[in-house]
Each structure stands twice: as C-alpha cells, then as structure tokens.
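[1] predicted model follows, preceded by the sequence.
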Amino acid sequence: MPKNAFYAQSGGVTAVINATACGVIETARAHPQEIGTVYAGAHGILGALQEELIDTAEESAETIAALRHTPAGAFGSARYKLKGLEENRAQYERLIEVFRAHDIGYFFYNGGGDSQDTAHKVSRLGEHLGYPITCIGIPKTVDNDLPGTDSCPGFGSVAKYIAVATREAGLDVASMARTSTKVFILETMGRHAGWIAAASALAREEEGDPPHVILLPEVPFEQQRFLERVRASVERFGYCVVVVSEGVRTADGGFLSDQGSRDAFGHVQLGGVAPVVAAMVKEGLGYKYHYAIADYLQRAARHIASATDVEQAYAMGRAAVELALAGRNAVMPTIVRESDEPYRWRVGEAALEDVANVEASMPAEYIDDSGFFVTEACLRYLRPLIAGEDYPPYVNGLPAYARLRRRLVEKRLPAFEA
C-alpha cells in the first residue's frame with residue numbers, strides 16, 4: 001500500500017499559497033501507486049499536533065483546481081513555532097505518532113524559514129525514532145527573504161499590488177496637491193528585508209513619478225535627511241509619495257514601529273510606521289498628509305496576482321512531490337533564474353539545513369547611493385516577477401473562490417495540548 005502524505009500551510013498566507021497546495025494535491029493524485037491520500041493540516045502544524053487532518057480526497061477535482069486562483073490559506077494556517085528538539089521533544093514525537101497512526105510517509109511543509117527548520121527537525125527525528133518520514137519544505141513568503149531561491153512564491157503578487165497601488169494613489173495625490181494633500185505615505189510589509197517597499201519603484205515611468213521616497217529596513221532611518229528629501233520633492237514636483245517598509249530601523253537598530261509585543265514566532269510585533277512618519281512630516285514640514293497601511297490587503301489581493309507568481313507557486317508544489325518521489329529528503333524546491341530578458345527560470349533544490357531560520361536581505365547593489373530609491377539592477381530583478389495577469393473567474397461582479405468541505409478524518413490517538 002502506498003504511504004499517505006501530510007501537507008500544511010504555515011505563517012502569514014499569500015495570494016498564491018493555495019496554488020502551491022493545488023500543485024501538491026494534483027501531482028500526488030497523478031501518482032496513486034506511490035502516494036495514497038493527501039491529508040492537510042487544519043490550521044497548519046496544529047492540525048498534525050491535534051490530529052485534525054483534512055481529507056483532501058473528499059474534495060472534487062474541480063475544487064482542487066479552483067485552489068489555483070483562490071487566495072489565503074484554504075486549509076488554515078498558523079503562526080506556531082515548534083521549539084528546538086531539546087526544549088520540547090514531546091511535540092516532535094507527537095508529530096511522528098500522528099504520522100504513524102495515519103500511515104503518513106510524506107510531509108510537505110509550505111512556509112518560510114521557521115517552517116523549513118521544522119521540516120528539517122522532523123526529518124531527523126523520524127529517522128531517530130525508527131519511523132523515517134520524507135520531509136520536503138516548500139517556499140512561501142511575501143517578504144522574499146528565503147535564501148537559496150531567486151524569489152519566493154507570494155512575493156511577486158504583493159510586489160504587483162504595491163506597484164499598482166503606488167501608481168494609482170500617486171495619480172490621486174498629484175491631482176489634488178495644489179489645494180489639498182501634499183504628502184502620501186504607503187506602509188508595506190517587510191520586517192527585515194525591503195523587497196516589498198522596493199517593488200513600488202516599478203510604478204515610476206518618468207522622472208518625477210512616484211514613489212519619490214522609499215524607506216527600507218536595510219538603510220538606517222535619519223529623520224532630518226528624510227524630511228529634506230520630502231521637502232525637495234514637494235518643491236520640485238508639487239507633492240511627495242513615500243513608501244515605507246514596516247521594518248524600518250533607526251541607526252541604533254530600533255524599529256520605528258515597535259509595538260512592544262512579540263508574535264508566536266518570537267518576532268517583534270510591527271505595524272503602524274506610516275502614522276509615525278506622517279507625524280514627522282506634519283511637525284517638521286507642516287504639509288497636509290494622508291497615509292495608508294496596506295496590511296492584509298497586499299497579501300490577499302488574488303484579483304491582481306502576478307501570472308509569474310501563480311505559475312511558480314504551482315510549480316513549487318508540483319516539484320515538492322516530484323522530489324519526494326525521487327527519494328529526496330530534507331530539501332526544498334527553489335526557483336533558479338537563468339536570464340532577465342527574456343525571463344527564464346527553472347526548478348532547483350536546496351538543503352533545508354541551509355535555508356532554515358536564515359533571512360536574506362536586499363543586496364547593497366540594489367539600493368541607490370541616496371538610500372531612498374533602488375538601482376536599475378533591482379528593477380531588472382523585479383520586473384519579471386510581477387509580469388502577466390492571472391485573473392480568477394468572476395460571478396456577479398466578484399471573484400469566485402474555492403470553498404472546501406474540510407472534512408476531518410477520524411482521530412485515532414488521545415488528545416494532545418499544543
């Protein structure tokens with residue numbers, strides 16, 4: 001009998017993470033002699049710990065195909081970090097117990113650096129406990145900060161959303177600037193890497209077009225230099241559009257938007273840097289301003305997803321299954337860029353131990369000398385990632401997304417408190 005598979009979504013979701021799920025499930029279904037049922041974790045890894053396994057065999061082929069154009073996490077995701085093997089071995093042993101109880105031989109974990117670390121630890125522990133489990137990490141993060149891969153599924157669609165929003169909001173501000181708002185500030189996600197904010201630069205076609213200032217985590221924030229840049233833009237163009245990453249830091253390393261709390265992964269809780277920057281503009285320059293915080297809107301915007309991103313997200317899911325069937329373990333499929341123009345890429349492979357808990361920032365050569373914009377090399381990197389449209393079907397004027405049955409299999413083990 002073929003072994004079953006377990007698939008889980010982890011961390012913040014994206015516009016295309018379900019396209020990866022679609023790739024995993026459809027590819028597994030094409031190999032019934034090698035893989036039995038694909039179970040999905042209800043709310044990520046919690047589904048395995050609490051033995052809440054969604055039976056994807058209960059979903060029709062049409063529903064699974066519709067995942068490709070459905071945003072967010074169809075099976076539920078979670079910000080839940082498993083501690084180290086020495087700190088909490090019981091949780092890892094519980095995973096192996098659940099896998100054993102449901103004859104699961106394949107573990108596909110779709111997430112960022114923390115998730116790749118978990119998949120790596122499970123692969124080691126399964127072998128140690130006498131229940132070998134094939135563990136394949138699948139890249140996903142809007143922050144685009146996983147090493148070993150040219151880009152991360154989820155980023156291209158966020159980048160497209162932010163570039164479009166910057167262009168459209170910029171036109172709005174320009175049209176009203178003489179008698180109304182002079183400064184518009186758009187806050188993006190991006191804890192340690194400024195990729196999302198940098199993507200706003202794609203909105204600029206000619207000199208004077210927005211964005212006029214991009215604030216990146218890689219460049220220490222200096223208030224006076226920033227205000228001088230804003231003043232110069234208003235005096236020259238009549239207005240200023242600022243795009244700021246939530247992870248912008250001061251020279252001493254402190255976050256401008258530190259809320260004083262931490263998330264489930266132990267990361268400083270960020271958000272709300274736009275009003276902080278807006279207050280500086282008001283107090284330092286006296287300009288009328290508006291600000292917007294893209295927040296979940298940027299990562300949920302499947303209606304304007306990048307076709308490149310959708311294709312790559314699906315390909316990573318398919319490749320994960322193919323790697324498992326080829327006997328690979330403790331690896332992650334990657335995107336390898338072969339050329340910029342024309343854009344060509346292929347599927348590669350990275351060891352989980354090399355990508356676990358590692359964050360990749362923007363390279364210095366992608367940031368211009370002023371620190372307030374990006375270079376042409378950065379734009380060449382970004383352009384193909386937002387290319388193409390992959391619109392979902394519309395019904396009555398709204399996108400029609402997949403709705404799953406989400407039927408759970410019968411539990412076979414005692415309850416476990418995660």
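    Nice, I can see it. The structure presented is a predicted model; accordingly, all values stated were derived computationally and were not measured.
[2] tell me, how many residues neighbour the residue nearest to R344 when sequence neighbours are not counted?
    The shortest distance from R344 to any non-neighbouring residue, by Cβ to Cβ, 6 or more residues apart in numbering, is to E338 (4.3 Å). Placement of C-beta: from N, CA and C, glycine included. Number of residues near E338 (other Cβ atoms under 10 Å) recorded here: 10.
[3] same thing with K182?
    The number of residues near K182, taken as other Cβ under 10 Å, comes to 21.
[4] tell me the contacts of it?
    Contact analysis of K182 by Cβ atoms under 8 Å, 6 or more residues apart in numbering lists V173, V234, G238, Y239, C240, Y287, K288, Y289.
[5] can you give me the pLDDT of it?
    Residue-level confidence at K182 comes out at 97, pLDDT.
[6] narrow the contacts of K182 to those in helices?
    Counting by DSSP state H, the part of those found in helices is V173, V234.
[7] which SS class is A232?
    What DSSP: H, G, I helix; E, B strand; the rest coil gives for A232 is helix.
[8] state the distance from it to G371.
    14 Å (Cβ to Cβ, to the nearest Å).
[9] ok, and what's touching the helix or strand of the chain with the lowest mean pLDDT?
    Lowest on mean pLDDT, DSSP states H and E among the helices and strands of the chain sits helix 113-128, with a mean of 87. Outside of helix 113-128, the residues within contact range by Cβ under 8 Å, 6+ apart are 10-11, 45, 81-82, 84-85, 89, 92-93, 95-96, 99, 107, 109, 132-137, 139-141, 145-146, 265, 329-330, 332, 352-353, 355-359.
[10] now the buried members of those.
    10-11, 45, 81-82, 92, 95-96, 99, 107, 109, 133-137, 139-141, 145-146, 329-330, 332, 352, 355-356 (16 or more other Cβ atoms under 10 Å).
[11] pLDDT below threshold where in the protein?
    Within the chain, the segments meeting pLDDT under 70 span 84-86, 258-271.
[12] so it: which segments form each domain?
    3-140+304-358+389-399, 155-302 (automatic domain parsing).
[13] how many residues are close by the residue lying closest to R231 once chain neighbours are set aside?
    Excluding the flanking residues, the one nearest R231 by Cβ to Cβ, 6+ apart is L285, at 5.8 Å. Per other Cβ under 10 Å, the neighbour tally for L285 reads 16.
[14] kindly report the same for A326.
    Neighbours of A326 (other Cβ under 10 Å): 9.
[15] that one and L285, how far apart?
    59 Å.
[16] and G47, by the same measure?
    Taking Cβ to Cβ, one finds G47 at 51 Å from L285.
[17] how about A351?
    Counting by Cβ to Cβ - A351 and L285 are separated by 50 Å.
[18] returning to that earlier point: of all the domains of the chain, which one is nearest E417?
    Nearest of the domains of the chain to E417, taken as Cβ to Cβ: domain 3-140+304-358+389-399 at 8.4 Å.
[19] coming back round to it: so which of the buried ones among the contacts of helix 113-128 sit within strands?
    Among the buried ones among the contacts of helix 113-128, the members found in strands (DSSP state E) are F107, Y109, T134, C135, I136, G137, P139, M332.
[20] quick one: buried residues of stretch 235-242?
    Within stretch 235-242, the residues scored as buried using 16+ other Cβ under 10 Å are F237, Y239, C240, V241, V242.
[21] ok, back up a step: list the contacts of the helix or strand containing the residue nearest to R344.
    Assigned by DSSP states H and E, E338 falls within strand 331-339. Here strand 331-339 makes contact (Cβ under 8 Å, 6+ apart) with 116, 119, 136-139, 148-152, 312, 315-316, 319-320, 323, 343-352, 355.
[22] when you filter those residues down to buried only, what's left?
    For these, buried by 16+ other Cβ under 10 Å: 116, 119, 136-139, 148-152, 312, 315-316, 319-320, 323, 345, 347-352, 355.
[23] whichever strand or helix holds Y39 - contacts with which helices or strands?
    Following DSSP H and E, the helix or strand that holds Y39 is strand 35-41. The contact analysis (3 or more Cβ pairs under 8 Å, 6 or more residues apart in numbering; DSSP states H and E) places strand 35-41 against strand 3-9, helix 17-29, helix 45-49, strand 53-55.
[24] check which helices and strands the second one sits against.
    What that stands for is helix 17-29. strand 3-9, strand 35-41, helix 61-66, strand 104-111, helix 307-325.
[25] between it and strand 134-139, how many degrees?
    Interaxial angle of helix 17-29 relative to strand 134-139 (axes from the mean of the first three to the mean of the last three Cα atoms, to 10 degrees): 150 degrees.
[26] please tell me how far helix 17-29 is from the chain's geometric centre.
    Its chain's C-alpha centre and that of helix 17-29 lie 17 Å apart, by Cα atoms, centre = their mean, to the nearest Å.
[27] kindly export it (C-alpha atoms) in CSV.
    Taking Å, rounded to 0.1, in the frame of the first residue of the first chain, the C-alpha atoms of helix 17-29 are listed here in CSV:
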residue,chain,number,x,y,z
ILE,A,17,-0.2,29.7,-1.4
ASN,A,18,-3.2,27.8,-2.4
ALA,A,19,-1.8,27.5,-5.9
THR,A,20,1.1,25.6,-4.3
ALA,A,21,-1.5,23.4,-2.4
CYS,A,22,-3.1,22.7,-5.8
GLY,A,23,0.3,21.7,-7.2
VAL,A,24,0.9,19.3,-4.3
ILE,A,25,-2.5,17.6,-4.4
GLU,A,26,-2.9,17.4,-8.2
THR,A,27,0.6,15.9,-8.6
ALA,A,28,0.1,13.4,-5.8
ARG,A,29,-3.2,12.4,-7.3
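[28] what's it in contact with?
    5, 7, 9, 35, 38, 40, 56, 59, 61, 64-65, 67-75, 77, 108, 110, 138, 140, 153-154, 310, 313-322, 402.
[29] let's see it at 7 Å
    5, 7, 9, 35, 38, 56, 64-65, 67-68, 70-71, 73-75, 108, 110, 138, 140, 153-154, 310, 313-318, 320-322 (Cβ atoms under 7 Å, 6 or more residues apart in numbering).
[30] near the residue nearest to K282 when sequence neighbours are not counted, how many other residues are there?
    Closest residue to K282 apart from its sequence neighbours, by Cβ to Cβ, 6+ apart: Y289 at 6.3 Å. By the measure other Cβ under 10 Å, the count of residues near Y289 is 23.
[31] distance of Y289 from Y239?
    Distance from Y289 to Y239, by Cβ to Cβ: 10 Å.
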